[in-house]
Each structure stands twice: as structure tokens, then as C-alpha cells.
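[1] please find the sequence and the predicted model below.
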Amino acid sequence: SQTIHQWPATLVQPVGSPLSLECTVEGTSNPNLYWYRQAAGRGLQLLFYSVGIGQISSEVPQNLSASRPQDRQFILSSKKLLLSDSGFYLCAWSVPSGGARGTDTQYFGPGTRLTVL
Amino acid sequence: GDSVTQMEGPVTLSEEAFLTINCTYTATGYPSLFWYVQYPGEGLQLLLKATKADDKGSNKGFEATYRKETTSFHLEKGSVQVSDSAVYFCALRSWAAGNKLTFGGGTRVLVKP
């Protein structure tokens, strides 16, 4: 069966410090991978998605970046954190469907709660 | 662009009450529709989905019917339990938008014993 892991589970970082959040998926190959952010009391915002190694699409311009060094590894980074980067970061994966319809389900990891002070 | 609108919470109910969470959408083409649930301190879990008009998704006593004519996907449960307390997200995925989910803002549901 497929599983998705995120770490760390919680993180407290000072403003201006770097960030690295990791997401790995097991039990599947060539998944689509996604990073979302959920700010306090708000919905989910798609930050990045990837359809393959080294292929990253950015949805929102910001001081965050994403990388996919391996097929089942997705990393979210920042060189200098801002207060506004606080939130709950969720990684998700999906298996692309063969057809043109948007039917593939996304499966979410447990999330990382980031607090920037 | 694609968008999802769902009723704002919090929704507070007593145990065994009937729950409805409204969700409407705008999208290009024929999207697939989803409901996700987020329990306190956890990530999102897929609750149910529907991929074409008039499909009914169901799981754990929850149901939602894909209504193309009203562009809606309302979530219902006939008798809620305290364990149903969570935040519920309506989402869509349209082929025109590629491999992306568009989420509503979430509705917090609190069920009291």
C-alpha cells in the first residue's frame, strides 16, 4: 500500500532563518506531488506541484521554492523565512489517470506545522 | 478560473442531528468533485468523490451528489456523531486546470454530545 511521510511534524523557526521540509511517498512510482499551505483559519493554497523529477510548477510567487531530487521525494525550502510563512504545510500525491478527465485523487500527508517567530 | 465556494462555519450541531454543508463551484469543462475532511491536528483525508454529473459519492454515512445544473456538490449526513467534528473541504479538479485541486475555504463542524 502507498504511504506518504512528512517531517518534521512541527517546527519553530526565527524570522530570516532557512527552511527545509521533506515529503516522501512509498509504494508507488512516478507520482504527481504537491505542496499546499493552510494558514490559520483559512483554506488550502497550492504552492507547487511536480509531475516528475526536476519538474516543478509554481503557483504563487513567494520566497519559497520546491525541488524534486528523486522520484518520490519532494522538498519545500526557503532561504529566509518571513512571519507570513507560518502555517500548516501539507504534501500530497496522486497517480495521474490515463485519460484526459481530472479524476485522479490526491492523498495527503500528516502535515508540518510551521511557526515563524 | 476555477473556484469553489462553501458555507462558512463554524456549524454547531447536537449529536444525531442532520448535517448539510453547501458547496458550489465554477469550472471550465466537466470537473471531478471531492470532499476532504481534516480532523484536529491532522492532514486531509479524502471523504468522497464524484466524477460526472448525477454521480453520488458516499462514505461513512456522508453523501454528496454532483449537480451540474446547479453547479453544486452539497455534503449531507443524516445523523452526526461527536467523532464527525472536523473541518470539511470541498474541492474540484478540472482537466483544463491540469493536475491541480481547487479548494473551498473549509467549513468547521462541531458536534456536541
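    Good, I have the coordinates.
[2] any residues of chain B in contact with chain A? List them.
    Counting by Cβ under 8 Å from any Cβ of the partner chain, the residues of chain B close to chain A are B:30-32, B:34, B:36, B:42-46, B:49, B:51, B:89, B:93-95, B:97, B:99-101, B:103-106. Every residue, glycine included, has its C-beta placed from N, CA and C.
[3] show me where chain A has its strands.
    Per DSSP state E, chain A has strands spanning A:3-7, A:10-13, A:19-26, A:32-38, A:44-52, A:55-58, A:64-70, A:73-78, A:87-94, A:107-108, A:112-116. These are given in chain order.
[4] chain B now?
    According to DSSP E, chain B carries its strands in the segments B:3-6, B:11-14, B:19-21, B:23-26, B:32-38, B:44-50, B:56-59, B:62-65, B:75-77, B:86-93, B:102-103, B:107-112.
[5] what would the ones you listed look like in JSON lines with distance to A:Gln13, mean neighbour count and mean pLDDT?
    Supplementary listing: these in JSON lines, determined by distance: least, Cβ to Cβ, whole Å; neighbours: other Cβ atoms under 10 Å in any protein chain shown; pLDDT from 0 to 100:
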{"stretch": "strand B:3-6", "distance to A:Gln13": "31", "mean neighbour count": "18", "mean pLDDT": "92"}
{"stretch": "strand B:11-14", "distance to A:Gln13": "34", "mean neighbour count": "14", "mean pLDDT": "96"}
{"stretch": "strand B:19-21", "distance to A:Gln13": "35", "mean neighbour count": "17", "mean pLDDT": "97"}
{"stretch": "strand B:23-26", "distance to A:Gln13": "35", "mean neighbour count": "19", "mean pLDDT": "95"}
{"stretch": "strand B:32-38", "distance to A:Gln13": "23", "mean neighbour count": "25", "mean pLDDT": "93"}
{"stretch": "strand B:44-50", "distance to A:Gln13": "24", "mean neighbour count": "20", "mean pLDDT": "93"}
{"stretch": "strand B:56-59", "distance to A:Gln13": "37", "mean neighbour count": "15", "mean pLDDT": "96"}
{"stretch": "strand B:62-65", "distance to A:Gln13": "37", "mean neighbour count": "20", "mean pLDDT": "98"}
{"stretch": "strand B:75-77", "distance to A:Gln13": "36", "mean neighbour count": "20", "mean pLDDT": "98"}
{"stretch": "strand B:86-93", "distance to A:Gln13": "25", "mean neighbour count": "25", "mean pLDDT": "93"}
{"stretch": "strand B:102-103", "distance to A:Gln13": "26", "mean neighbour count": "21", "mean pLDDT": "88"}
{"stretch": "strand B:107-112", "distance to A:Gln13": "27", "mean neighbour count": "17", "mean pLDDT": "96"}
